[in-house]
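A.B. asks: Would you be able to build a 3D model of this:
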Amino acid sequence: MGALLGSVARGGEPFRRDLLVAAALTAVGELEILLAPGDGSQLVSALAVAVATLSLAWRRRAPLAALFVVAGALLVQAPLDGFLIGHTVTAHATFVIALYSAGRYVAGAKGLAGAVFAIAVLVATRAAFDPAVHRPADVILTSIAVSVPLLVGRWVRGQVLLQRELGEKARRLERERERDASQAAEEERMRIAADLHAAVADGLGLIVRQAQELQRLLSAREHGAARRLFAKIAADSREALADVRRVLGVLRHDGETPRLAPPTADAEREVTPAPAVPQAPPPPAAPTTIGRATAWRRSLRQAGGETLDRVLVAVLLVAAEIELAVAAPGDKLALAALTAVAIVTPLLWRRRRPGLVAGAVLGAVAVQSAAVGLDSLPACDIVALICASYAIGAYAGRRIAIAGLVLFTLGAALHAAVFYPEGVLPAILGGALVPWIIGRTVRGQRLLTSELHESAARGERAREQQARAAMTAERARVARELHDAVAHNISVIAIQAAGASEIVERDPARAVQIAALLDAVGREALAELGRLVGPLGAGDRDAAGDGGPATPHLGLARVDGLAMRTRESGLPVQLSVEGEPAALPAGVDLAAFRIVQEALANASKHAGGARAWVVVRYEERAVEVEIGDDGRDPNGTPSSPAPSSGHGLMGMRERVALYGGTLDAGRRPGGGFLVRARLPIGRT
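C.D. replies: Residues are numbered from 1 along each chain as shown. Just a heads-up that it's a prediction; the model follows:
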């Protein structure tokens, strides 16, 4: 008893469930034997049923041993006048469970060979000791009936292994999805880096070299050459800015990205932003390999099922005609042949109309039994009834399947009670219940496998979509950074160089300052471009919101340098910081810096001779930046600020929305423009 309790404790929940089922079967079997009329053989049967049913508690852990115990109990009790063979519901249930478990849990060819040997023992015992099994057809039918649970268990085992493989594949796809998205973003970044280098970096490098040459010319007081070089730098800057605008237009186009061509327009072309390209709805995704394979398997399964039905009907029809030619009376041979056709032919439609087919088969069997008057039900009729019951379970919906089982079981029981009274129990169990249960099990496994295939197909599609989304996010990140950083610096160079060409002789000192500014801003633009598409730029994932590190050294701590460069470019800027500066999340810090940078760039271009101010407010749970200008030209008249629909404000709104903040931007009463952004910092 202690060993049994220890085994139960170690077996886990499945073993405890199997033990409960085995105990319930034992109780039912003993009650059946107790209520059945008999003599001293009841004791033999009681011992046999206890041994056979209790062995099912180990049907998962030792399925072959459990099957041999069941077969051995049947073999031992039969010569001792036990009546377990074929006369109790418990016996049939025990056989089915043991055979199914052997097919489901036995692994390897040797184990399967052992199960086949146990089946041979069961069939031989029935043939030797059961009076109902006395014809070769009965032996064949018994062999088929005993083998079906084993085959179903083997099929379920294959389905479970397939489901496990598909589940592992789905998990592997899930793991690979993020890796593929990261690789797609990296490949897109490398492609954009090459394009930007071809379209922008070379021009920026030339501007930096020209700014250095300009400083040398100003030091040597070669004012004429310096003036021409200032004009040349302004023209090259406008050309580079036009290239940046074109790159932005390509990056923001939601479609197949062409390679960037070298600039071809002249140096005086307009530098206004390219018009937005209407975004067409994406084309439907092409069917994936898994999706095509699933559809192919479905069509192949359907075609194979129809072919199998035709073969089944042909074999059954030939076998039925041969069987009836031997068993039917001579004067009723033609009628028997016609009834065989009526019984077998409906099975051609058993997958499409399983309920109607089952009714037709059962009705034809009843007509044959009444009209021909055979001594026993033909084996082919039994097989047809089994196929019909199986079809109800395997191919009908839930309601039709349950209703069909009830009606078919009642019909089979009524037919057996009228024509073959000794076969009522086998008709109910073997002809209706067991095939229906097997069919329902097969249907459930088939639907689950199909769902796993569809899940794998969805995972493959999601994998491709996530990779495309990662590429789109990378393009958006590059576009935003390119507009906010590089384009701003090039605009400063163009404006300052154009203005300085007029003051070289009149204010040489100021020209020297501007030349130094052009050199510094050009170098910073190159550095920004390097961060954007270089190894460090790959770490700046604030657009994706993954919490990765932002571009190094760019944050509100550098706003004073940004204000200083803006002052040097000609726009007076007053900077004030309210509250105690604190460390901010990297993405929030970069977003706030970019908003200030873009707002000051807009003020430099559109505010004329105005004054500007920047206020940075550190609060407990948020940081707020306010950038404004009074929008007045040198004569004191209000100027018209830029409209609020440009790419600059679009980038600001994207950054603020990314971190759950708010943005207010618009004209101030009396002239000027005001931008106020508030970004939560999530402190605890």
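A.B. asks: Who are the contact partners of the closest residue in space to Ile493 that isn't next to it in sequence?
C.D. replies: Closest residue in space to Ile493, ignoring its immediate chain neighbours: Ser237 at 4.4 Å, by CB to CB, 6 or more residues apart in numbering. Yep, even glycine has a C-beta here, placed from its N, CA and C like the rest. Ser237 sits next to Ile207, Ile490, Ser491, Ile493, Ala494, Ala497 when contact means CB atoms under 8 Å, 6 or more residues apart in numbering.
A.B. asks: just Ala403 next, same as before
C.D. replies: Contacts of Ala403 (CB under 8 Å, 6+ apart): Gly355.
A.B. asks: Quick check: which element contains it?
C.D. replies: Assigned by DSSP states H and E, Ala403 belongs to helix 398-419.
A.B. asks: mean confidence for the following helix or strand past that helix?
C.D. replies: Moving toward the C-terminus from helix 398-419, the next helix or strand (DSSP H and E) is helix 424-426. Averaged across helix 424-426, pLDDT comes to 79.
A.B. asks: Please apply the same query to stretch 238-250.
C.D. replies: Here the average pLDDT along stretch 238-250 is 75.
A.B. asks: cool, stretch 374-390 as well?
C.D. replies: Mean predicted lDDT for stretch 374-390 stands at 87.
A.B. asks: Kindly report the same for stretch 202-222.
C.D. replies: 83.
A.B. asks: Equivalent analysis for stretch 488-499, please.
C.D. replies: Mean predicted lDDT for stretch 488-499 stands at 83.
A.B. asks: residues making contact with that stretch?
C.D. replies: Under CB under 8 Å, 6+ apart, the answer for stretch 488-499 is 204, 207, 230-231, 233-234, 237-238, 240-241, 244, 271, 514, 517-518, 521-522, 524-525, 528, 565, 569-570, 597-598, 601, 604-605.
A.B. asks: which of those count as buried?
C.D. replies: Among the contacts of stretch 488-499, the ones that count as buried by 16 or more other CB atoms under 10 Å are 204, 207, 230-231, 233-234, 237-238, 240-241, 244, 271, 514, 517-518, 521-522, 524-525, 528, 565, 569, 597-598, 601, 604-605.
A.B. asks: Leu674 should be in a helix, yeah?
C.D. replies: No - according to DSSP: H, G, I helix; E, B strand; the rest coil, Leu674 belongs to no helix; its state is strand.
A.B. asks: you'd agree it is up against Gly631?
C.D. replies: No - Leu674 is beyond contact range of Gly631, at 9.6 Å (criterion: CB atoms under 8 Å).
A.B. asks: how close does Val156 sit to Ala66?
C.D. replies: According to CB to CB, to the nearest Å, Val156 and Ala66 sit 17 Å apart.
A.B. asks: With Leu356 instead?
C.D. replies: Leu356 is 40 Å from Ala66, by CB to CB.
A.B. asks: who's more crowded, these two?
C.D. replies: Taking other CB atoms under 10 Å, Leu356 and Ala66 do not tie; Ala66 has more neighbours (27 against 13).
A.B. asks: Show me what counts as buried in the one helix or strand the more buried one maps to.
C.D. replies: Element membership for Ala66 (DSSP H and E) is helix 63-77. The neighbour-count check on helix 63-77 (16+ other CB under 10 Å) flags 63-64, 66-75, 77 as buried.
A.B. asks: about what we covered before: okay, and the common contacts of Leu674 and Gly631?
C.D. replies: Arg667, Arg668.
A.B. asks: ok so Ser376 is a strand residue?
C.D. replies: No - going by three-state DSSP, the assignment for Ser376 is coil, not a strand.
A.B. asks: can you point me to the longest helix in the protein?
C.D. replies: helix 136-196 (DSSP state H).
A.B. asks: Next, the angle from it to helix 63-77.
C.D. replies: 170 degrees (axes from the mean of the first three to the mean of the last three CA atoms, to 10 degrees).
A.B. asks: returning to that earlier point: which residues does the helix holding Ala66 contact?
C.D. replies: By CB under 8 Å, 6+ apart, helix 63-77 touches 44-45, 47-49, 51-52, 55-56, 58-59, 84-85, 91, 94-95, 98-99, 101-102, 104-106, 111, 114-115, 118, 121-122, 125.
A.B. asks: cool, and stretch 96-114?
C.D. replies: So stretch 96-114 is contacted by 21, 52, 55-56, 59-60, 63-64, 66-68, 70, 115, 118-119, 146-147, 149-157, 160, 434 (CB under 8 Å, 6+ apart).
A.B. asks: Give me the below-cutoff pLDDT ranges for the stretch 51-200 of the chain.
C.D. replies: Along the stretch 51-200 of the chain, segments meeting pLDDT under 70 span 81-87, 132, 134, 137, 184-199.
A.B. asks: ok so, going back, now for the longest helix of the chain, which elements pack on it?
C.D. replies: Applying 3 or more CB pairs under 8 Å, 6 or more residues apart in numbering; DSSP states H and E, we find helix 136-196 packed against helix 89-105, helix 109-129, helix 223-251, helix 379-395, helix 434-481, helix 508-533.
A.B. asks: circling back to that earlier point, buried residues in the helix holding Ala403?
C.D. replies: Ala401, Gly404, Leu405, Leu407, Phe408, Thr409, Gly411, Ala412, Ala413, His415, Ala416, Phe419.
A.B. asks: wait, what's in contact with the fifth one?
C.D. replies: Meaning Phe408. Ala358, Gly359, Leu362, Ala388, Ser389, Ile392, Ala432, Trp436.
A.B. asks: In the contacts of Ser237, find the pair that's most separated.
C.D. replies: Ile207 and Ser491 (12.4 Å; CB to CB).
A.B. asks: Helix or strand for Ile627, just tell me which one.
C.D. replies: Counting by DSSP H and E, Ile627 is part of strand 622-629.
A.B. asks: what's the angle from the following helix or strand past that strand to helix 223-251?
C.D. replies: On the C-terminal side of strand 622-629, the closest following helix or strand by DSSP H and E is helix 647-658. Here the directions of helix 647-658 and helix 223-251 differ by 50 degrees (the same axes, to 10 degrees).
A.B. asks: Show me what helix 647-658 is packed against.
C.D. replies: Checking 3+ CB pairs under 8 Å, 6+ apart, helix 647-658 ends up next to helix 434-481, helix 586-606, strand 662-667, strand 673-680.
A.B. asks: what residue ranges in the stretch 201-350 of the chain score low on pLDDT?
C.D. replies: 250-304.
A.B. asks: mind running it again at 90?
C.D. replies: 201-310, 312, 316, 319-337, 340 (pLDDT under 90).
A.B. asks: That one: helices as residue ranges?
C.D. replies: Taking DSSP state H, counting those that start in this stretch as the test, the helices found in the stretch 201-350 of the chain are 202-219, 223-251, 289-327, 333-344.
A.B. asks: Tell me which of the ones you listed sits most buried.
C.D. replies: Per residue and on average, the most neighbours among the helices of the stretch 201-350 of the chain fall to helix 223-251, with a mean of 21 (mean count of other CB atoms under 10 Å).
A.B. asks: What is the distance between that one and the centre of its chain?
C.D. replies: Helix 223-251 has its C-alpha centroid displaced from the chain centroid by 48 Å (CA atoms, centre = their mean, to the nearest Å).
A.B. asks: could you give me the average pLDDT of stretch 575-586?
C.D. replies: Rounded mean pLDDT across stretch 575-586 is 86.
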